[in-house]
Structure formats: structure tokens, C-alpha cells
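Asker: what's the 3D shape of this:
(4 chains)
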Number of protein chains: 2
Amino acid sequence: MPSPATQRPARQDNRRQALLDAAAALFAERGYRATSMRDLAAAVGMLPGSIYYHFPSKDELLVAVYAEGVTRIEARVRAALAGTRSAWERLELACAAHLESLLDGSAYAAVVVRVLPDDAPATRDALVALRDRHEALFRELVDALGLPGDAAARRALRLLLLGALNWVPLWYRPGGENPRAIAHRFIQLLIPGEPR
Amino acid sequence: MPSPATQRPARQDNRRQALLDAAAALFAERGYRATSMRDLAAAVGMLPGSIYYHFPSKDELLVAVYAEGVTRIEARVRAALAGTRSAWERLELACAAHLESLLDGSAYAAVVVRVLPDDAPATRDALVALRDRHEALFRELVDALGLPGDAAARRALRLLLLGALNWVPLWYRPGGENPRAIAHRFIQLLIPGEPR
DNA sequence: GAATAAAACAAACGACCGTTTGGTAAAGGA
DNA sequence: TCCTTTACCAAACGGTCGTTTGTTTTATTC
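Answerer: I've put the predicted structure just below:
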């Protein structure tokens, strides 16, 4: 018989989270290849070899950070959509939440757009699958707009928007417009039939 | 007295171009850090140390490739704009030319969006300056649209568009819509006052 | 054909890489 | 108390990195 949950060893994988956090910060700041296991070990105060008690390889560590990043972005976007609103409003809120994840948010989210799947070829498929999972959410939001045109047109809108959003970290400076304002501007540019 | 131009040593820097070409191809395909000087030397059939006769460092080599990439994209965009047309048509042609550079075109252009300025920190400023030079061209095109709204709105449109375009290589597959069609779809999504 | 410069070779430099191995202190259950 | 598991240290493994140095080949010029 399995022991009750309260008896589970509390000491298990204490530093795993610290490692993930440090890896996310370093990967987001310097990139995957520019971050060495020695950098990471120094950041959490252990020796390089000790990392391998918690993770089997650097690649697996990246996948773990990446998965956590996608999960966090998704959660933030879903939370922003909690109230039912108009389709365009929902899309704007999703964009704002996505952007906030990349810019204000934890380093995990930044890794998802900073580290390209080809940076760690062995993990390519895993990373792409994670990325697709998140993009499916935007597919729903765009489909809900009820726009004219075929599926290819909706796909174009989705890719246009996600590309623009994911590129923001390359030019964003904390002094300027905040993520919410940027999302609002982007959506305003895309709402049709409002010639003003 | 300087000798006439016809007497200038024709043998000067013969393989420099071959090196640049190979570097562009490798940087575009694998990224900057994933490409070693030994990979590059093997690609052009020389020994690693020989590269340093033509370029003082790997970083400088990247800057040279990057500059050539920006120059080629710019040239292609300007060529596409040769005939005078409406402002929106001009913007669409510029987008199509930009996309064709990234997708069909030489590897030089791909390096400009594949390699991020932070991948080689010492060259950051140089790469950013080159990128800005190219973006100024799009600033002109967007300003020429005569849109309502302030400069910040025009800036948002420019960054939205360039971000979306530069992200295309991450999802583009040769089988689907060609660069020209993608540019057309993107612009259609952005032309205001056409509710259909 | 000797002198000169261009362009490459051959070999190594020290530093750093991801990872492995074997040992060890400390905590928790029996 | 003994014993197992957890979590780490200490030290090294082979390999690759960007780069330097000294020498040699190759082409051009006088």
C-alpha cells in the first residue's frame, strides 16, 4: 500500500527549482549555447557535476525550462481571458498577456522566444511541439473573430500577430510603452472596417 | 607614382569572397556560435589558421557577413520599388522583397534575422546599427502612407510589420505560399477602411 | 631568374566545453 | 543504532574552441 502524501520525503529535489530558475535566467539573457554548465553551477552555488544529479543533460534542462515557459505563458493568457468578452477584446487581452510574459514576466517565458529550436538540434521536435501547443490557443482566438476569408487568411493573421509579438523583445525598452499599450496598438492596426 | 588600375595586383584577397559566402551559409543554417572556425575552414578547403589572414577574428567576420546581408536586402527592396506606385503598393512590394531576401535569397540576408546581436556581444553595437539602417527604409515607406495618428502609431505599424516578416523564416515551408503571397496577405490585413 | 609580396600550411597554445566517476556528509526510516 | 537514500563534492575525462606563431608555397614584378 502506498504511504500517505504527508509521509512523502519532503527533502526530495530541493534545488531542482533553483536550478531551473537560474537556467531560465541565463538562457534568456545570454542564449542557450552561450550559457555553460559551469556558469549555471556558479549561479546556484554548486559544482558543475552536481547538476547531473538533477538533470541528465543540458539539453533536457533546456526542454524543462522551455516547457515551464510555455506553461506559464499559457496560464497567464488563459487567466487574462477569464471574463467573457468580445472576440477582438479577447484577442487583445491574449496579446497583452503574451507580451507581459515575455517582457515583465519570469525568464522562463523569454526563453521560449529567445532560444530557437535549432539551437539544440537534439531537442528540436520537443521544443516545436511545445511551441505549437501555445499557438493553438491563438488559433482559437483568431477563428472566433468571425472574419471573412478562408482558413489561410486566418492563419496569416495568427502568424502575423505572433511574429510581431515575439519580435518585440528585440526592440523593447522599459522606458517606453508598456506591453498592454503595445498590444492595444497592434490590435488597433488589425481591426478591419474602421476607417476613422 | 601609383601604378594604373590595370596593374593593381589581381590576386589580392582571392578567397575572401569564398570565405564570406561559406560563413554566411553556415551562420544562417546553424547560427553563429554553433559554427566553428574549423567548420568554416573545411567548407572552403583551408586550414583554420589561414582564415586569419583574411579576417582578424570570428566576430569581425560576422560583422562583414551581416553588413553584406543588410546591403543585399536593402538593394533588393530598393530595386523592387523602382517604379513609382501608390504608398500601400510600395509597402507591399518592399515587404515582398524583404521576405524574398530572407527565404529565397542568399544566406547573407538570412543571417541578419537568424543571428541576434547578443549572440556576439562584442559586435552588438555594430550589428544593431546595421539593422537600424535597413529599418529606416521602412520608416519612410510607412510615413508615406499618410495614415492618421501620431508618430508612435506609425512606429507601431513599422515594428509590427518588420517583426512579423522577420519571424516568417521560423514557420515558412517551401511548399506553401510564396513570399510574395505572404506579403500580400500581411498588407491586406493592415490596410484600413476596407470592411468588405 | 632573383626579389617581393600574397596566401596558405603545420602545429600548437591555453582555455573552456559537456559530462563521468568515485567518494562522502547528512538526513530519515527501521 | 544501523542502513538506505539523498544531495552534493572533488577531480578529472576527452574533446573542441578561437587564436597565434613560424614556416612554406605560390604568384607577380623587376
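Asker: tell me who's in contact with the residue most central in space within chain A.
Answerer: Closest to where the C-alpha atoms of chain A average out (CA atoms, centre = their mean) is residue A:109, at 3.4 Å. Residues near residue A:109 by CB atoms under 8 Å, 6 or more residues apart in numbering or on different chains: A:69, A:72, A:73, A:101, A:102. Backbone N, C-alpha and C define where each C-beta goes, glycine included.
Asker: I'd say the last one and residue A:114 touch.
Answerer: Right, the one you point to is residue A:102. No - the criterion here is CB atoms under 8 Å, and residue A:102 misses it with residue A:114 at 9.0 Å.
Asker: overlap in contacts of the two?
Answerer: Common neighbours of residue A:102 and residue A:114 (CB under 8 Å, 6+ apart) are residue A:169.
Asker: what's the offset of stretch A:32-39 from the middle of its chain?
Answerer: Relative to its chain's centre, stretch A:32-39 lies at 20 Å (CA atoms, centre = their mean, to the nearest Å).
Asker: now the residue nearest to the centre of chain A: which helix or strand?
Answerer: If you go by DSSP states H and E, residue A:109 is part of helix A:107-114.
Asker: how about the CA coordinates for that helix, as CSV?
Answerer: Output in CSV follows, covering the C-alpha atoms of helix A:107-114 (Å, rounded to 0.1, in the frame of the first residue of the first chain):
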residue,chain,number,x,y,z
ALA,A,107,12.7,34.5,-17.6
TYR,A,108,11.0,31.2,-18.5
ALA,A,109,8.8,32.9,-21.0
ALA,A,110,11.6,34.9,-22.5
VAL,A,111,13.5,31.6,-23.2
VAL,A,112,10.7,30.4,-25.4
VAL,A,113,11.2,33.2,-27.9
ARG,A,114,14.9,33.8,-27.3
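Asker: buried stuff in the next helix or strand after it?
Answerer: Scanning forward in sequence from helix A:107-114 by DSSP H and E, the next helix or strand is helix A:124-143. Residues A:126, A:127, A:130, A:131, A:134, A:137, A:138, A:141, A:142 are the ones in helix A:124-143 that count as buried (16 or more other CB atoms under 10 Å in any protein chain shown).
Asker: for DNA strand C, tell me which of those residues show up nearby.
Answerer: When contact is defined as CB under 7 Å from any atom of the strand, the buried residues of helix A:124-143 do not meet DNA strand C at all.
Asker: what's the closest of those to chain B?
Answerer: Of all the buried residues of helix A:124-143, residue A:131 has the smallest distance to chain B: 9.0 Å, by CB to the nearest CB.
Asker: for the closest one, what are its contacts?
Answerer: By CB under 8 Å, 6+ apart, the residues touching residue A:131 are A:70, A:112, A:117.
Asker: got the residues you listed as a markdown table, with distance to residue A:161, pLDDT and neighbour count columns?
Answerer: Formatted as a markdown table, those follow (distance: CB to CB, whole Å; pLDDT from 0 to 100; neighbours: other CB atoms under 10 Å in any protein chain shown):
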| residue | distance to residue A:161 | pLDDT | neighbour count |
| --- | --- | --- | --- |
| A:70 | 17 | 96 | 23 |
| A:112 | 16 | 96 | 26 |
| A:117 | 20 | 92 | 17 |
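Asker: and which of those is nearest residue A:177?
Answerer: Among the contacts of residue A:131, residue A:112 lies closest to residue A:177 (CB to CB), at 22.1 Å.
Asker: what sits closest to that closest one if chain neighbours are left out?
Answerer: Among residues not flanking residue A:112 along the chain, residue A:69 sits closest, at 4.2 Å (CB to CB, 6 or more residues apart in numbering or on different chains).
Asker: what's in contact with the helix or strand the one you found falls within?
Answerer: Following DSSP H and E, the helix or strand that holds residue A:69 is helix A:58-80. Residues from elsewhere that reach helix A:58-80 (CB under 8 Å, 6+ apart): A:19-20, A:23-24, A:27, A:32, A:37, A:51, A:55, A:93-94, A:96-98, A:100-102, A:105-106, A:108-112, A:115, A:120, A:122-123, A:126-127, A:130-131, A:133-134, A:137.
Asker: of the residues you listed, just the buried ones, PyMOL syntax please.
Answerer: Burial among the contacts of helix A:58-80 is assessed by 16+ other CB under 10 Å; the matching PyMOL selection reads:
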select buried, chain A and resi 19+20+23+24+27+32+37+51+55+93+94+96+97+98+100+101+102+105+106+108+109+110+111+112+115+120+123+126+127+130+131+134+137
